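A.B. asks: I would like to see how this sequence folds:
(6 chains)
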There are 4 protein chains.
Amino acid sequence: MPVNTPDEFAAGLGLTPTEAARRTQIIDATTEVVADEGYDRASFARIVARAGLSSTRMISYHFAGKAELMTATLTALADEHDRFVAERVPSTGDRAESLRWSIEAEIAFLAERFRQSRALTEIARHARDGDGARLGGALLHDLRVGRLERQLHQGRQEGVFGTFDVKVMALAIRQAIDGVCDRLADEPGLDPRTYAAELTRLFARATSAP
Amino acid sequence: MPVNTPDEFAAGLGLTPTEAARRTQIIDATTEVVADEGYDRASFARIVARAGLSSTRMISYHFAGKAELMTATLTALADEHDRFVAERVPSTGDRAESLRWSIEAEIAFLAERFRQSRALTEIARHARDGDGARLGGALLHDLRVGRLERQLHQGRQEGVFGTFDVKVMALAIRQAIDGVCDRLADEPGLDPRTYAAELTRLFARATSAP
Amino acid sequence: MPVNTPDEFAAGLGLTPTEAARRTQIIDATTEVVADEGYDRASFARIVARAGLSSTRMISYHFAGKAELMTATLTALADEHDRFVAERVPSTGDRAESLRWSIEAEIAFLAERFRQSRALTEIARHARDGDGARLGGALLHDLRVGRLERQLHQGRQEGVFGTFDVKVMALAIRQAIDGVCDRLADEPGLDPRTYAAELTRLFARATSAP
Amino acid sequence: MPVNTPDEFAAGLGLTPTEAARRTQIIDATTEVVADEGYDRASFARIVARAGLSSTRMISYHFAGKAELMTATLTALADEHDRFVAERVPSTGDRAESLRWSIEAEIAFLAERFRQSRALTEIARHARDGDGARLGGALLHDLRVGRLERQLHQGRQEGVFGTFDVKVMALAIRQAIDGVCDRLADEPGLDPRTYAAELTRLFARATSAP
DNA sequence: AATGAATGAGAGTTCATTCAT
DNA sequence: CATGAATGAACTCTCATTCAT
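C.D. replies: Residues are numbered from 1 along each chain as shown, chains lettered A, B, ... in the order given. Model prediction:
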């Protein structure tokens, strides 16, 4: 099946190529600042400094506001994350095996795209709109654990797993991986592969049929 | 054994009763604001409004700065949390049993002291000093997972558990519980007991001897 | 030789005409406030009130901070001072004569541009950055006595002066003139011409060949 | 003639010994802070920290306000300065000789009591009351140059000096010495004796009979 | 498609001082 | 003689956003 080029994709959203490029540039800078300095410090001023833009006006011009900027960044990061993981998890075969591949892929994403991981969890945790309401809500939750839930659900139907609540298990897996992301941020020397192996075994046991 | 009265405890830190009371009042208001509106919105102005104080000067008078206020609040919340959990986990008996009790107690804390839970995770995740460095670091990590690590370590030595990395398992448990806290914040209708039961089983299996 | 227009000069520094005009406006107001009320009382609030601006935000927008504002003001005043003096001191002729002209010019600057003089000495004496370190240091010292030092140095080489340490003599002259500035501030009725005549004679004798 | 003990002196002003001691302690701390950090940064908070007092209330209790504290500190420093200089200048003998001794003594004061010198000039230059009016005014001026003026006046009457305006000459001497104080603050390595020798010669020539 | 210019609101912090005992 | 407790005002600086071209 034919794949859209970035330009075609952008045009589909009503964006000119220039606009799309600028948005990408700003989103990338936002990702870096959020990852390196934390969500709270990711002000327009710091983002334009990182992107090498002339004024914060550039952001306001391309995004309706801070909430939209963060939503767009979050979406872009989630897309990148999903593509990364999907590439590494075979769509065929045993679901129990798939879960192992998923956890490995998640940890690989942490290791190879650390900044993106960091920014993703930071924004998911902190982002609120002007009134203090959390962005995303149920939508955001699905963005982060939906894939795992569906995977577990299928596995349970296929009988390769034991008895457990799919939602809770998916949440636990997601949180465990995010926790590893925090650990790597605090102590950069740690080896991600250790976590991959341990978490794989942990959740293999937790989900195993009796 | 004789227990210190609050006043005696305060005096031990060089605080007068009045001072200790004010600090408590401010810490409680900070807890509420952080829990209800999030860390970012917990400005001095909102805290004094909640506490019914006359001006933000009152906070500056009793705490050296925002970082100290947040550290003090975090410490108070961690103390309360630890006491709550310790009261509900028998110090004798099977370690595997203890782990179940611990998870139940953690979820009970979420349910019965939701604001404190919320504030605790918010501050632990967000708090940074003026330069953007995360408060606590390794110390903070130990504050949150240390108890679990020690519990798991003893159980492994006693042979009641299977083979796993204690640090990773403790992290996964802590994160799973924090994730439940997030879920309850997003959808207040959820029943904590479901999570308690599911997580208890999940980690019982994950830690079980083969 | 062609002289840059102010706009061209501003453009050379990367400033638009509007920006340059605003900076000048703010610098002028700063000069007035510092001269009339002293360095300590020269807050952003008083400066915007004097300049007729809408808010202190205007200053923050055009200057990186208070230190930069003061540095810019000091530089502008020093430039004006140097131009004023240079216009009144013939570059040819006897160095001993030049020294007399310099002292006369300095006193004339005091008399004719009293506020600028006052602001210049105030800022030079008080200005510190956020950490309490004095602005300028050696650079500032050169800004204030460098011209005199060079003048005395040349005169000594030409043999029109007696024996003395150039640095000390330059410092004494500079300080004597600044002292006159203080006197005029305390008692506005005093006649600058008296000081000009007296100081001219004083330093003529002090520097004269035996 | 009998000399008052400090206690008797204090009692003469209506102060108990305890009060006098506290005032001295506070004045000394003020001197240190002003000398080390500058007048602007000499807040009550920094002074009590330096003096090891419990709260700023202690200052307010012993002094009517900041203006009185600074006046008292200035007076104490001026007294110490005058005593120091008087001890080193013979009251008999040639006035021209006396002037040389005075300058030497002034520089010695700079060198041996640097903090006191620094604080003295800082307060003399900066101190203003709440309305921005300079403290002291004419009184302060006399405090600083009065001794020199009287010395020069007598010398002129005795015919040992040439023709000059006493007030201007006194001002020039005072300012030259204060300028040396500034230099020593900026570059601590400088040798005060050089300045003593140079200034002695400078003003010997400037005041000499033709 | 981009930019220059400006802005009101709010942030945390520090200031000297005063009211109680 | 001393202290604890509290306070209103002012400070500089940063925030996201908007009005003009």
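A.B. asks: Please identify the residues of chain A in proximity to DNA strand F?
C.D. replies: Within reach of DNA strand F by CB under 7 Å from any atom of the strand, chain A has these residues: A:41-46, A:56-57, A:59-60, A:65-67, A:130. C-beta coordinates here come from the backbone N, C-alpha and C atoms, glycine included.
A.B. asks: what does chain A put close to chain B?
C.D. replies: If contacts are counted using CB under 8 Å from any CB of the partner chain, the residues of chain A sitting beside chain B are A:37-41, A:125-126, A:128, A:132, A:134, A:137-138, A:141, A:162, A:164-165, A:168-169, A:171-172, A:174-176, A:178-180, A:183, A:186-187, A:194-195, A:198-199, A:201-203, A:205-206, A:208.
A.B. asks: buried residues in the top helix by length along chain A?
C.D. replies: The helix that spans the most residues within chain A, counting by DSSP state H, is helix A:66-88. Along helix A:66-88, these residues count as buried under the neighbour rule (16 or more other CB atoms under 10 Å in any protein chain shown): A:66, A:69-74, A:76-78, A:81, A:84-85.
A.B. asks: immediately after that helix, which helix or strand?
C.D. replies: helix A:95-112 (DSSP states H and E).
A.B. asks: what angle sits between that following helix and helix A:66-88?
C.D. replies: Relative orientation of helix A:95-112 versus helix A:66-88 (axes from the mean of the first three to the mean of the last three CA atoms, to 10 degrees): 120 degrees.
A.B. asks: So which elements touch helix A:95-112?
C.D. replies: Applying 3 or more CB pairs under 8 Å, 6 or more residues apart in numbering or on different chains; DSSP states H and E, one finds that helix A:95-112 contacts helix A:66-88, helix A:114-126, helix A:138-158, helix A:166-186, helix A:192-207.
A.B. asks: who's in contact with that helix?
C.D. replies: Contacts made with helix A:95-112 from outside it, assessed by CB atoms under 8 Å, 6 or more residues apart in numbering or on different chains, are listed as A:81, A:84-85, A:87-90, A:116-117, A:147-148, A:151-152, A:154-155, A:158, A:160-161, A:173, A:177, A:180-181, A:184, A:192-193, A:195-196, A:199-200, A:203-204, A:207-208.
A.B. asks: Equivalent analysis for stretch A:140-148, please.
C.D. replies: The contact list for stretch A:140-148, computed with CB under 8 Å, 6+ apart, reads A:74, A:78, A:82, A:85, A:102, A:124, A:134, A:136, A:167, A:169-171, A:173-174, B:183, B:186.
A.B. asks: Over that stretch, what's the mean pLDDT, rounded is fine.
C.D. replies: Stretch A:140-148 shows an average pLDDT of 90 in the prediction.
A.B. asks: Report the buried residues of it.
C.D. replies: Judged by neighbour count using 16+ other CB under 10 Å, the buried positions of stretch A:140-148 are A:140-141, A:143-145, A:147-148.
A.B. asks: ok, of those, which one's closest to residue D:27?
C.D. replies: Lowest distance from residue D:27 to the buried residues of stretch A:140-148 (CB to CB) belongs to residue A:140, with 62.8 Å.
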